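>>> I'd like to go over a predicted model; first the sequence, then the structure.
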Amino acid sequence: MYCLRGPKLSSSEEMLRHARSQKVVQINLELIGLEGDADLQFLLQGGDLLKVRSPSWKKTRHFRLMEDCKTMWSESRKMFKNSKTFSLDDISAVRMGRQSEGLQKNTEDLVEDRCFSIMFKGRRKNLDLIASSEEEARRWLNSLQKVVSNRNNLNRLQKTEHWIFNCLRKADKNEDDKMSQSELKDFLRLINVEVDDKYAEMLFQKCDKSKSGYLAGEEIKHFYELLTQREEIDVIYQEYAKPTGFMSPQNLVDFLIKEQREEATLADAHNIIQKHEPDDNAKEKKLLSKDGFLMYMHHPETMVLDPAHREVYQDMSQPLNHYFISSSHNTYLMEDQLTGPSSTEAYVRALLKGCRCVELDVWDGSDDEPVIYHGYTLTSKILFKDAIKSIKEYAFKTSDFPVILSLENHCSVAQQEVMADHMTSILGSALVTAPLGGVMPSDFPSPKELKGKFLIKGKRLNKLGASFAPETAAADETDVTEEDEANNEDRDGQKEEEKIKETKKLKLAKALSDMVVYCKSVHFNGFEDARQNLSFYEMSSFKEPKAMTLAEESANSYIRHNVDKLSRIYPAGSRTNSSNYSPVPLWNAGCQIVALNFQTTCTDMDVHQGRFLVNGKSGYILKPAFMRDGATEFDPITLTRGPWLKHKTLHVMVISAQQLPKVNTKKTSIVDPLVRVQVYGVPADVAEKETTAVANNGFNPVWNENFQFDVYVPELALVRFTIEDHDSTSSNEFVGQFTLPFDSLKMGYRHVPLLGKNGDTLPSSGLFLHIMVLDVE
């Protein structure tokens, strides 16, 4: 039987392997700063948990943290079953109780206290688990949360050291703590570097001081130092560390003022040395060593994104419609628009990404319970009340600012009453059901005034003012025009008069109608009609093609319209695969609620997240002053002179990258990286430039290439840095990217964190640039 799992080891071999394993664990604990931590020891020891997939599929699996202190391992107790692993870096959250959709469907209430779920980044399914007791479940929860948090808080150098050590260990196939020349080549491939035999031999000979034919101890350390040396950082450091070889506080101030364009004092320099210098002797002498300088340059506050913009820094007391609002389309869908699953988890993921406007397509369900799904398709259904519960639970985890519930209501009056009851009972006082202050408003309240509140967007039977005139409010009319997205898409090809004839009518329950206060859905009949006949709270939804046409042909009229009212844009019906469109032209036209398919990873979604990366990830970005002025002459297409025109030149020097991931998991596959720099904004600002490709080096490629861009409307511009794996025979493959608003760029030498396809940080990877922004006279 043992031969099926490999030959049985002798007792002495087992002891040796155990000792080596313990040594590896100890080194990893030191690298991540968790020596002696009880929670990490608990995970290393592991234990049995019940894995849940369905009401009838609940099976015991053994879980434990592997020696690298990064990978979770699980296996069945049965023979012949394969073990499975996942990285702690892939975990987005660990939740206690029956919070996941799977546990709610597949378990009973009585196991609530023993359940927990591991949520993963991207589209990977949750891992639903049941422990033997509440105490054990909480121990798993707390231990996993602690170790994941620890990994997220490691600095770049710690992550690099941890990663390289474990790559070295993998390359040491015979586990003798020595490295042969062939093992050295294997190691280089693991870290994404391909070298020819001559270079590998030269590197090996340079480190093999003992001439023994293998590297060990200090020789491996020397090899590591050669590998991780940052020549580009050395050059910068040495320029300011003259003549002593160390940076004094004054040297550091000079660097910060001259290169980084920052206001800095000697007190600031002393604080930096105290915080980042690893050598106690240098710290005592108030000097910054090269290692300390590198640690400082890797700190989040010194990176390309202005640290002041990480927090809420904009005025949040303007009317709600003066902000761009992070918005999702058909939020309940996990995949495509026709056959994919609907899930409450989709709402959770969107809200945790900072989304502030979610969509609910509601239809009559069985047992008098409304359901959510994409009507007339094969998408699965979820209960309306379950969606509202999930929204209530996660609405304000990432942002305190208001959430808009965009209702596509297809229900009978009876089930609309149920909808109203569910929202009242679940959302409670957080649901806005009357104008703030109890008086008829003349403008929107601000995000600040609406903190922690839910707004309903939907149909309303009458004008808002009717609720302040009881004698005229009791109308018998319960019909409203039904203008759902599906209805609009079905009639795209019809003439306007035919559409009017076929307009559907929907009976509307008064209880649901009265919940619509600041976001009443109405049909758009042109800008002039809206200006003359619509109140500020009456808003229209525009399908993508119509909105794009208006943004191109009537941009100034659209901008002025959006000074007074809200506009929502949604994808064309032809996007059945949940693809996205560029939100940039619609933002240029002042549209606030530009809804994208959050489940789809793509350039458009990266740009969307880049727009909302700043202002504390609040999901609200204040529009420029020239887009909040009702008399504005701004037109992004023609671009005449005005306060919006602030011509600047952006100079970008792409210097180097570090620890890029492999895009192909094959052992021999090495990245050939190139960097693409793109500017998004008004048409005059749109530009793109790219470096040459560096062959066979994803570990420390160097470019030193310069680009220049003209930016005319910086307040609307975004900058995107993308790294791709060059392929001369087919399309390049995506490696990582980072997008941010132009006005949030920091000047000087800056590291850029990289985000993967799912929008999550690539732990050890980065790009190194020099940035300069100059005013054009």
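Thanks, I have the structure now.

>>> Pull the residues that contact stretch 242-262.
236-237, 240-241, 263-266, 268-270, 272-273, 282, 285-289, 293, 302, 746-749, 772 (Cβ atoms under 8 Å, 6 or more residues apart in numbering). Glycine gets a C-beta too; all of them are placed from N, C-alpha and C.

>>> out of the residues you listed, which are buried?
Buried residues within these, counting neighbours by 16 or more other Cβ atoms under 10 Å: 236-237, 240-241, 264, 269, 272-273, 282, 287-289, 293, 302, 746-749.

>>> Strands - which of those residues land there?
G748, Y749 (DSSP state E).

>>> Could you list which of the buried ones among the contacts of stretch 242-262 belong to helices?
Under the assignment DSSP state H, the buried ones among the contacts of stretch 242-262 contribute I236, Y237, Y240, A269, I272, I273, A282, F293 to helices.

>>> Reformat these as a markdown table; add pLDDT and distance to N166.
Formatted as a markdown table, those follow (pLDDT from 0 to 100; distance: Cβ to Cβ, whole Å):
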| residue | pLDDT | distance to N166 |
| --- | --- | --- |
| I236 | 95 | 30 |
| Y237 | 95 | 28 |
| Y240 | 94 | 35 |
| A269 | 96 | 36 |
| I272 | 96 | 31 |
| I273 | 96 | 31 |
| A282 | 92 | 30 |
| F293 | 94 | 26 |
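
>>> Specify which member of those is nearest to I621.
I621 has its nearest neighbour among those in I272, at 31.0 Å by Cβ to Cβ.

>>> quick one: contacts for that closest one?
Applying Cβ under 8 Å, 6+ apart, the residues near I272 are L252, L288, Y296.

>>> Thought K275 was touching the second one, still the case?
Think L288. No: with contacts counted by Cβ atoms under 8 Å, L288 stays clear of K275, the gap being 10.4 Å.

>>> Which residues are in contact with each of these two?
Y296.

>>> Name all residues that make contact with the closest residue to K459 other than its chain neighbours.
Among residues not flanking K459 along the chain, V480 sits closest, at 4.5 Å (Cβ to Cβ, 6 or more residues apart in numbering). Going by Cβ under 8 Å, 6+ apart, V480 touches K459, R460, L461, K505, L506, L508.

>>> any idea which element S764 lies in?
Assigned by DSSP states H and E, S764 falls within strand 761-775.

>>> Can you dump the C-alpha atoms of that strand in PDB for me?
C-alpha atoms of strand 761-775 as PDB (Å, rounded to 0.1, in the frame of the first residue of the first chain):
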ATOM      1  CA  THR A 761      -2.600  43.200  -5.500                       C
ATOM      2  CA  LEU A 762       0.200  41.000  -6.800                       C
ATOM      3  CA  PRO A 763       2.100  40.500  -3.500                       C
ATOM      4  CA  SER A 764       5.800  41.000  -4.500                       C
ATOM      5  CA  SER A 765       5.500  42.600  -7.900                       C
ATOM      6  CA  GLY A 766       6.100  46.200  -8.800                       C
ATOM      7  CA  LEU A 767       7.100  48.800 -11.400                       C
ATOM      8  CA  PHE A 768       9.700  51.500 -10.800                       C
ATOM      9  CA  LEU A 769       9.300  54.900 -12.600                       C
ATOM     10  CA  HIS A 770      10.400  58.500 -12.600                       C
ATOM     11  CA  ILE A 771       7.500  60.900 -13.100                       C
ATOM     12  CA  MET A 772       7.500  64.600 -13.700                       C
ATOM     13  CA  VAL A 773       4.500  66.900 -14.400                       C
ATOM     14  CA  LEU A 774       5.200  70.300 -15.800                       C
ATOM     15  CA  ASP A 775       2.900  73.300 -16.600                       C
END
